[in-house]
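Participant: Give me the fold of what follows.
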Amino acid sequence: MHHSIEVKDLSFAYPDGHQALKGVSLSIAPCEKVALVGPNGAGKSTLILHLNGILMGSGEVRVCAVEARKENLGRLRAMVGLVFQSPDDQLFSPTVFDDVAFGPLYQGLAAELVHRRVEEALCAVHMCGYERRISHHLSAGEKKRIAIATVLSMQPEVLVLDEPTAGLDPRARRSLIQLLCELPMTMLVSTHDMHMVGELFPRMVIMDEGSIVADGPTEALMNDQALLEAHGLEKP
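Facilitator: From the prediction side, this is the model:
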């Protein structure tokens, strides 16, 4: 079977010797939405950064059958839309249009196509008409949507988000969850928001100390009180 994401026996140590990943294996099917949960320091962000080659450890990482190797980085980064925890890490242009157009322009697309991509991406995140707004004047929830639009404009195969609801008020959080529910894409989301996991993700992967300790239907894992407690998680 063709998987959108395939990770086999992935290990990674930081330069200070900290072993962040220990033989991680994970497969995600096309259009599957998967939550990645676990305590701080479990290795979730380290794993995510391997999916578009920001980090490279030992083992195999493939996205849509393309292997994460130096010579494939351009293709890989076009296929994996990575949304960081803080939108300010992703929004650095004078206007929303410039931010969302950055990726397609970098891909060398014609001006007319860039405009269409920007329009489609902003509509997908319910931010039509924001093109001329200044990104840094937007609310946290609006910034988060624009950050997602900056990756959607590159038409990735896979969307990977790190703590998407962090720092949002209840209304912005609710509307972001609704947005993620609507997007018909393969999705891997690292989060501490167990309420969102229960609502949005049929499958949950639990990481702790650099390893995957559980992987299965969210409902079943959420009802395993001993498992959750053992890995610093709480049932919502």
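
Participant: And the helix or strand bottoming out on mean pLDDT in the chain, what does it pack against?
Facilitator: Across the helices and strands of the chain, mean pLDDT, DSSP states H and E gives its lowest value to helix 73-79, namely a mean of 87. Applying 3 or more Cβ pairs under 8 Å, 6 or more residues apart in numbering; DSSP states H and E, one finds that helix 73-79 contacts strand 66-67. For the C-beta atoms, the positions are set from N, CA and C on the backbone; glycine is no exception.

Participant: Show me where the chain dips below the pLDDT cut-off.
Facilitator: 1 (pLDDT under 70).

Participant: Would you map the helices across it?
Facilitator: 44-50, 73-79, 96-106, 111-124, 140-152, 170-182, 194-200, 218-222, 225-230 (DSSP state H).

Participant: Mind checking the ones you listed for the one nearest to residue 2?
Facilitator: With Cβ to Cβ as the criterion, residue 2 lies closest to helix 73-79 of the helices of the chain, at 13.3 Å.

Participant: list the contacts for residue 185?
Facilitator: Shown in contact with residue 185 (Cβ atoms under 8 Å, 6 or more residues apart in numbering): 31, 156, 157, 158, 159.

Participant: Could you rerun that using 6 Å?
Facilitator: residue 159 (Cβ atoms under 6 Å, 6 or more residues apart in numbering).

Participant: Can you tell me how far the closest residue to residue 144 other than its chain neighbours is from residue 13?
Facilitator: Excluding the flanking residues, the one nearest residue 144 by Cβ to Cβ, 6 or more residues apart in numbering is residue 87, at 5.3 Å. Distance, residue 87 to residue 13, by Cβ to Cβ, to the nearest Å: 30 Å.

Participant: Neighbour count for those two, which is higher?
Facilitator: Remark: of residue 87 and residue 13, residue 87 carries more neighbours, 24 against 15, as counted by other Cβ atoms under 10 Å.

Participant: residues touching that one, list them.
Facilitator: Applying Cβ under 6 Å, 6+ apart, the residues near residue 87 are 143, 144, 147.

Participant: What sits closest to residue 151 if chain neighbours are left out?
Facilitator: Counting by Cβ to Cβ, 6+ apart, the residue nearest residue 151 is residue 81, at 3.1 Å.
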